[in-house]
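*Asks:* I'll drop the sequence and a predicted model, then ask my questions.
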Amino acid sequence: MNRHRALRRALIEWYDRNRRDLPWRRTRDPYAIWISETMLQQTRVETVIPYYEQFLRRFPTIQALADSDPDELMERWAGLGYYRRARNLRAAAVKIAHEHDGRLPEEVDELRGLPGVGRYTAGAVASIAFDRPAPIVDGNVRRVFSRLFEIREDIGSAPVVARLWEEAAELARGARPGDLNQAVMELGAVVCTPRTPRCQACPVARRCGARAAGDPEALPIKKTRKAPREVVSVAGWVARRGRWLAARRPPVGLLGGLWEMPGGDLEAGETPEEAIGRALRERLGLVVKEVRPLGSVSHQFSHRSLELHVLEAAVAEGRVRRAGYDAHRWLSRRAFGALPLSAIAQKAIGLASDPR
DNA sequence: AAATCGGGGAA
DNA sequence: TTCCCAGATTT
């Protein structure tokens, strides 16, 4: 379509002059690009950069990733969130080593067969690393397109999603599909921003439907999401002979594979003191003799609002019998702090090490 | 179509 | 505070 030809030219011209210098734009290594795209899922560029550089130093090749120790992998990922991504990356690397001769597949359909590679990531790797005319639709593309084409419907509805992928496919049909895709994302990131788009700086403002209508900031339209569930939990600071008890969460589910002070959610009508006694008994077979509150920390997940009470718990001698945790260790504070810990676990340890 | 799965930076 | 980010997967 002619409409897209003019669009492509304006976008590429703008991108060539305005693209940010990002680490993954300095390489042509498909592996590095795949890692960057995975880290960038629902995660800001600025957050990703240090993780990306450290990760590639430690795991420079697909084979290095396939051979990696899962616990060390989680250490490198700790703090980045969505920890399933790290497990999927490793599983995909193993699969690539076995089924693809150790090289990342170049076609969208094959890429999508890798764990953790969905429609977006497959299109990103195929277009950026392999120059395939594959479309991508991410949050930036949704916003830019909804304004450009003035789509005044719920951006998440099936027909609109289909429309967005069609437009993206048409766009990617030109030369330099990887740069075209990145141009739209870049535009969304630095010009066509959510609250106050900088239309004066936009290379396609003349063609923008929402701009013409005068309310680009009103798009895209999306359903209001429900409030996060409120949860109250407890974590136990449990000492034995100068070491503290750390437990590893099961690989699937929330914070899968990360370590923490053992604990659990409060049940109805329970006090934190009662809950820590029950949790340590149920999950580790420990009998709590005495409890002292150390304070509480709060943490916001996108779908959960958590208040975590941290309690020092003296336990009776006796062997740990795990249930609901994957592993446990008795560690010095220093070694505890070196484990792969979630942000909330780090807050809890800060409280335990420096009680108020 | 909705829920799950993190964390943090910007407005 | 609220929003939302170079999404994937399960229910």
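*Replies:* Yes, it's here.

*Asks:* where does chain A come near DNA strand C, residue by residue?
*Replies:* A:22, A:24-25, A:36-37, A:40-45, A:82, A:88, A:115-122, A:124, A:138-140, A:142-143, A:182, A:185-186, A:188-189, A:194, A:222, A:224, A:300, A:302 (C-beta under 7 Å from any atom of the strand). Yep, even glycine has a C-beta here, placed from its N, CA and C like the rest.

*Asks:* From these, list the buried ones, please.
*Replies:* A:24, A:36-37, A:40-41, A:45, A:88, A:116-117, A:120-122, A:124, A:138, A:140, A:142-143, A:182, A:185-186, A:188-189 (16 or more other C-beta atoms under 10 Å).

*Asks:* buried ones in stretch A:75-94?
*Replies:* Under 16+ other C-beta under 10 Å, the buried positions of stretch A:75-94 are A:75-78, A:80-81, A:83, A:85-90, A:92-94.

*Asks:* Filter those residues to keep only those in contact with DNA strand B.
*Replies:* Among these, DNA strand B is touched by A:Ala78, A:Leu80, A:Gly81, A:Tyr83 when using C-beta under 7 Å from any atom of the strand.

*Asks:* quick one: A:Glu110 and A:His100, what's the gap?
*Replies:* 7 Å (C-beta to C-beta, to the nearest Å).

*Asks:* With A:Glu270 instead?
*Replies:* With C-beta to C-beta as the criterion, A:Glu270 and A:His100 are 51 Å apart.

*Asks:* on that earlier part again, among the buried residues of stretch A:75-94, which ones are in helices?
*Replies:* A:Glu75, A:Arg76, A:Trp77, A:Arg85, A:Ala86, A:Arg87, A:Asn88, A:Leu89, A:Arg90, A:Ala92, A:Ala93, A:Val94 (DSSP state H).

*Asks:* per-residue confidence for the fourth one?
*Replies:* Going back to what we said before, that points to A:Arg85. pLDDT recorded at A:Arg85 is 98.

*Asks:* hey, where'd the helices end up in the stretch 151-300 of chain A?
*Replies:* A:158-171, A:177-190, A:209-213, A:272-284 (DSSP state H, counting those that start in this stretch).

*Asks:* taking the mean pLDDT, what do you get for the last one?
*Replies:* Summarised as a single mean, pLDDT over helix A:272-284 is 97.

*Asks:* can you check the third one too?
*Replies:* When the per-residue pLDDT values of helix A:209-213 are averaged, the result is 97.

*Asks:* now do the second one
*Replies:* Averaging pLDDT along helix A:177-190 yields 98.

*Asks:* Single out the most deeply packed of the helices of the stretch 151-300 of chain A.
*Replies:* helix A:177-190 (a mean of 22; mean count of other C-beta atoms under 10 Å).

*Asks:* Narrow the residues of chain A next to DNA strand C to those in strands?
*Replies:* Among these, the ones falling in strands (DSSP state E) are A:Gln300.
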